[in-house]
Each structure stands twice: as structure tokens, then as C-alpha cells.
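> Quick one: sequence and predicted model below, then my questions.
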Amino acid sequence: MIRLAGTGDVDAVAHVERECFAGAAWSPGLVRAEIEGHRRTVLVDEQADSIVAYGSISVIDDVADLHRIAVLAGARRQGVARALLAELTRSARHEGASRMLLEVADDNQAAMTLYTSLGFVIISRRRRYYPDGADSLVMEAAMEPDRTEADGGA
Ligand SMILES: CC(C)(COP(=O)(O)OP(=O)(O)OC[C@H]1O[C@@H](n2cnc3c(N)ncnc32)[C@H](O)[C@@H]1OP(=O)(O)O)[C@@H](O)C(=O)NCCC(=O)NCCS
């Protein structure tokens, strides 16, 4: 079940961070700041009372930034990230965003394939950006505006 994260989810989300990003993981303090942050939307996927994945965005004006998307190893390749991104996109459109930006290491094959399959295209490359020498790619996808309110509700 995908739902909005709350302060009570900090430890579980920080666990996902550590499992998925190791040395680059956000601390529980950073996770809390993300969950409580202004213009942030943090969603978790809870399965059998346990959080297996989460994703977060911020929206400023018409641009949504994907900050994080992470799925525990045991829950991968089941469409969890795709479903989280669909919900984050829905939320971003509702907030007025018309495009989403993200940053990814060019050797992250799983993430690159996921983003490309969802229509993201590379708009910028920063060479040898990461400590291991990988390039950083900025990717962008256009999103149709949310017409829910204009249409008087879905
Ligand atoms: C990248 C990540 C979020 C994908 O999560 P996921 O739930 O396994 O992804 P999904 O099951 O929704 O996959 C959707 C599509 O993405 C692509 N994909 C996902 N994982 C892939 C892999 N390991 N290899 C190739 N393609 C992959 C496939 O096209 C897949 O569709 P398919 O299964 O029908 O072929 C997950 O591997 C992860 O958490 N990685 C560690 C953290 C990370 O790198 N986050 C992104 C930082 S930018």
C-alpha cells in the first residue's frame, strides 16, 4: 500500500536508505527533515506492516524534483518503484508541476532503465561527478497538467 509518510516512519525510511545507498545514505535527521519539509511529498510503500520502499519529491513552481526513490532488495522487480513514481507524478501534477527533473549516476543501470521507460530523457551530463568516477546525468520528463480541479473533480 502506497501512502504518505509521517514522522513515525523516520526509522523505517532511514533503514531503506542504509540498505539502498550505504555510505551515501541520509541520516535519520535528514530523513525527518525530508518528511517534514516544506513543499516535499514523501511516499512509502508498506507491505505486511513493513516499509519496503519510499520516494520523495519537491515541487517549486512548475518543476518537480525527484529527490529519492529506493526499494529494498527483496521487493525489487515487482513494479514497486514504477508505482511509487506514478503516485509521485500524480501528486506533482496536482501541485502544479508540468515537468520532473532527477539526477542519476550513469552506471546505475536499474534506475536508468526505469527512468527511460517512463519517458525521462537526458538533458545534462556532469563528467566524473561521483567519487567512484561515474558521470551524473540530469534527466527530465514532461507531465500533463492535472485537470482534476479544472474539470470539477474526477
Ligand atoms: C532503481 C530501483 C528504485 C528500481 O526499483 P524496482 O521496484 O525494482 O523497479 P520496478 O520493479 O518498478 O521496475 C520498473 C522497470 O524498471 C526497469 N528496471 C528496474 N530494475 C532493473 C534492473 N535491475 N535492471 C534492468 N532494468 C530494471 C525495468 O524496465 C522495469 O520493468 P520490468 O520489470 O517490467 O522489466 C531499485 O533498483 C533501487 O532501489 N535501487 C537502489 C537505489 C537507487 O539506485 N535509486 C535510484 C537513485 S537515482
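Right, received. Where do you want to start?
> Just name whatever secondary elements the longest helix anywhere in the chain is in contact with.
Counting residues, the longest helix in the chain under DSSP state H turns out to be helix 80-94. Other helices and strands packing on helix 80-94, by 3 or more C-beta pairs under 8 Å, 6 or more residues apart in numbering; DSSP states H and E, are strand 2-4, strand 40-47, strand 50-60, strand 63-71, helix 109-117. Quick note: C-beta positions are derived from backbone N, CA and C, even for glycine.
> export those to CSV and tack on mean neighbour count and distance to the ligand?
Shown next, in CSV, are the helices and strands packed on helix 80-94 (neighbours: other C-beta atoms under 10 Å; distance: least, C-beta to the nearest ligand atom, whole Å):
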stretch, mean neighbour count, distance to the ligand
strand 2-4, 13, 12
strand 40-47, 20, 9
strand 50-60, 21, 6
strand 63-71, 21, 4
helix 109-117, 14, 3
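> hang on, isn't residue 31 packed against residue 14?
Yes. Look at residue 31 against residue 14 with C-beta atoms under 8 Å: they come within range, at 4.8 Å.
> Neighbour count for those two, which is higher?
residue 31 (26 against 19; other C-beta atoms under 10 Å).
> Can you tell me the SS state at that one?
Of the three states, residue 31 takes helix according to DSSP: H, G, I helix; E, B strand; the rest coil.
> related to what we said a few turns ago, hey, what's in contact with both of residue 31 and residue 14?
Counting by C-beta atoms under 8 Å, 6 or more residues apart in numbering, residue 31 and residue 14 have no common neighbour.
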